[in-house]
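*Asks:* sequence unknown, structure follows:
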DNA sequence: ATGAAAGCGCTAACAC
DNA sequence: GTGTTAGCGCTTTCAT
């Protein structure tokens, strides 16, 4: 067994509390004994037992991170890992550890256990995992938590961080216009997620700002794209660029465009949300609306840590800006 | 503050130890008091404090998972997250939590802290994070750990799990031969990692087994592929299929083949390691050597848990089989 | 079947 | 500046 505070107290011939004091710098200690104690700690290879410490301090110096195992979508998972690393790094910087737990839709017991058994001082969780029950439990216990992704409900009362999807969308339109495209179309998933609606909103607003009449937004499907492309070829539709809500859509759009022998970027521009590794290897290299998921995780962690320390009392939210990375698929003619 | 064992003891009018006993089922208790205690626990919404428990039991019921933040490739890819989820799930099933810590090459202090401060009962770590110092520390403290990925050194003395790269490679050759290809070429990264060498070994052995003379293995580069393709077109080279060591290589090979108007799978077959989401959307859909990273994580966790419980004394290793997922890029003619 | 008491390793309030 | 003591919430002998 490893050395305890008692062992080193005995070795030096002082009281355990004195040792504790030099460890925590919590009182003034004579130079001499401090020296001796430090010495002994090295010799006996002493390391404080974090458990005992936590027990008496009433805080674990650990934060919980819920990962959404149910979400098989490998992309959004790959996406998530950057956040995980960011959270861990930010936590570690402040002396906190990160405990993960995965959330199965069937029950949120593991999460509840985390807060009830006081294993962690606070929690970061994805919106999808946010149930009413959980919120109640946590607010009732005054248990700090921050949500990743904008919540639909109670968004004024809880801490959350999210990507600024609206601004990302506006940027995409902007980028297209700057490259002299005139009629962008936004292609989204069929699901009505909140971030899709933000993207739609941003798209419509920016189109309006740029004087584009009745901007077109469509749920993506392979058949539909084919129709659109035919209409473009027949001169019945003036769409000259696509904003895709994710990489898969972008990939399929590119494929369809190739099949119809429409040149990207010369005839049609393409830009997509999410900067996955393959985007830059595409033919042509895809321009993207890149989301700094690292920063998102970092922000979440910092927010949580503030909430834990009580520095941040009132609920607060933060939006992470999206940035455009221009590659070949939108370089019609730069202004 | 939440209820403690004392509170419920008081409420029922028994001694705290009795309560502890019914919680743990560690002694026979009269039906009556058990009832009353359970009742009180519900009413007061009692949940045991894991910290206090750990302190007295001397074990944290938590395992540490080291993630290699430095390795942008492996982890920005969906690969690792599957293992993480598997580890968490397996751990949870046995009542364990998972603490993550990221490893920066600069120092392994966070990992050391984990073991020294007794925050976890055991550790799972990627080979890349395995330093001599760490191994010494852990073996000296009899601290259980399992390595993900085959270690170069001391592989007999430590617990590890890995993908069976050799078998994966053999399978790939097999798959190609089965589809009537005759001359596969293995394309690897330039780095001499241990798993590349296993893949090479497997490739060479299986080629030999199938009677293929002097099998060709090459480090991938875009220029080189161009040369090879030219030679094939000129009839100077009899390669009729490629086994790619990762998705990026495969993607670039596909691109080069298209540029030369070589038909896949009819003229050339392509199969690649790693089943990333886009593989199936490629044109043609890529056949892959798929690695069950979920199972790998699960196995690692189970091994660690056994080591922790002392059920598995002697170091043990386990190889996870790779499976072929045949898609269009190798369907020359099925036998 | 249950109570009393000690103790896990540490911190903190109170002495002196 | 340092010792004494109590206690964080729980488990576990040792009694009875």
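*Replies:* In hand now; what should we look at? These figures come from a predicted structure and were not determined experimentally.

*Asks:* Okay, domains of chain A per the record?
*Replies:* Domains of chain A are assigned by automatic domain parsing as A:62-163+A:294-321, A:165-290+A:324-330.

*Asks:* out of the ones you listed, nearest to residue B:17?
*Replies:* domain A:62-163+A:294-321 (20.2 Å; CB to CB). The way it works is simple: take the backbone N, C-alpha and C, and place the C-beta from them, glycine included.

*Asks:* before we move on, back to that, weakest of the domains of chain A in terms of mean pLDDT?
*Replies:* For those, mean pLDDT drops lowest on domain A:62-163+A:294-321, to a mean of 89.

*Asks:* quick one: it near DNA strand C?
*Replies:* No - judged by CB under 7 Å from any atom of the strand, domain A:62-163+A:294-321 stays clear of DNA strand C, getting no closer than 12.5 Å.

*Asks:* Does DNA strand D have contacts with that domain?
*Replies:* No - Domain A:62-163+A:294-321 does not reach DNA strand D (CB under 7 Å from any atom of the strand); its nearest approach is 8.0 Å.

*Asks:* Can you name the next helix or strand after the strand or helix carrying residue A:255?
*Replies:* According to DSSP states H and E, residue A:255 maps onto helix A:247-259. As assigned by DSSP H and E, the chain's next helix or strand after helix A:247-259 is strand A:269-273.

*Asks:* Name the strands paired with that following strand and say parallel or antiparallel.
*Replies:* Using DSSP bridges, strand A:269-273 pairs in its sheet with strand A:241-244 (parallel), strand A:287-291 (parallel).

*Asks:* can you pull the contacts of residue A:102?
*Replies:* The neighbours of residue A:102, taking CB atoms under 8 Å, 6 or more residues apart in numbering or on different chains as the test, are A:66-69, A:110, B:85, B:88-89, B:92.

*Asks:* rewinding a little: looking at the domains of chain A, spot the one closest to residue B:235.
*Replies:* Of all these, domain A:165-290+A:324-330 comes closest under CB to CB, at 28.1 Å.

*Asks:* What is the end-to-end distance of that closest one?
*Replies:* One end of domain A:165-290+A:324-330 to the other measures 20 Å (CA to CA, to the nearest Å).

*Asks:* How far does it sit from its chain's centre?
*Replies:* 23 Å (CA atoms, centre = their mean, to the nearest Å).

*Asks:* Look up the closest residue to residue A:248, ignoring the ones flanking it.
*Replies:* Closest residue to residue A:248 apart from its sequence neighbours, by CB to CB, 6 or more residues apart in numbering or on different chains: residue B:281 at 6.9 Å.

*Asks:* and if you look at residue A:154?
*Replies:* residue A:135 (7.1 Å).

*Asks:* elements contacting the one helix or strand residue A:133 maps to?
*Replies:* Residue A:133 is part of helix A:132-140, with elements assigned from DSSP H and E. For helix A:132-140, the elements it packs on are helix A:109-116, judged by 3 or more CB pairs under 8 Å, 6 or more residues apart in numbering or on different chains; DSSP states H and E.

*Asks:* Show me which positions of stretch A:216-224 end up buried.
*Replies:* Neighbour-count burial for stretch A:216-224 flags A:216-217, A:220 (criterion: 16 or more other CB atoms under 10 Å in any protein chain shown).

*Asks:* And those residues, which is closest to residue A:154?
*Replies:* residue A:217 (28.1 Å).

*Asks:* would the closest one count as being in a strand?
*Replies:* Yes - according to DSSP: H, G, I helix; E, B strand; the rest coil, residue A:217 belongs to a strand.

*Asks:* right, and residue A:12 touches residue A:36 too?
*Replies:* Yes - if you go by CB atoms under 8 Å, residue A:12 and residue A:36 touch, sitting 4.9 Å apart.

*Asks:* got the phi/psi numbers for residue A:7?
*Replies:* phi -60, psi -50 (degrees, to the nearest 10).

*Asks:* Report how many residues lie close to the nearest residue to it once chain neighbours are set aside.
*Replies:* In space, and not counting its chain neighbours, residue A:7 is closest to residue A:44: 6.0 Å by CB to CB, 6+ apart. Around residue A:44 there are 14 other residues, counting by other CB atoms under 10 Å in any protein chain shown.

*Asks:* Near chain B, which residues of the stretch 51-200 of chain A? Just list them.
*Replies:* Residues of the stretch 51-200 of chain A lying near chain B by CB under 8 Å from any CB of the partner chain: A:51-52, A:54-55, A:60, A:62, A:65, A:67, A:69, A:74-75, A:77-78, A:80-82, A:84-85, A:88-89, A:92, A:97-102, A:110, A:113, A:116-119, A:141.

*Asks:* need the contact list for the residue of the stretch 151-300 of chain A found nearest DNA strand C.
*Replies:* In the stretch 151-300 of chain A, the residue that lies nearest DNA strand C is residue A:159 (26.6 Å; CB to the nearest atom of the strand). If a contact means CB under 8 Å, 6+ apart, then residue A:159 has A:144-147, A:303-304, A:307, A:312, A:315-317 as its contacts.

*Asks:* Now do the contacts for whichever residue of the stretch 51-200 of chain A sits closest to DNA strand C.
*Replies:* Nearest residue of the stretch 51-200 of chain A to DNA strand C: residue A:52, at 3.3 Å (CB to the nearest atom of the strand). Counting by CB under 8 Å, 6+ apart, residue A:52 makes contact with residue B:55.

*Asks:* who touches stretch A:143-158?
*Replies:* A:83, A:115, A:121-128, A:130, A:135, A:137-139, A:159-162, A:194-195, A:198, A:296-297, A:300, A:303-304, A:307-308, A:315, A:317.

*Asks:* That's all I had, so thanks and see you.
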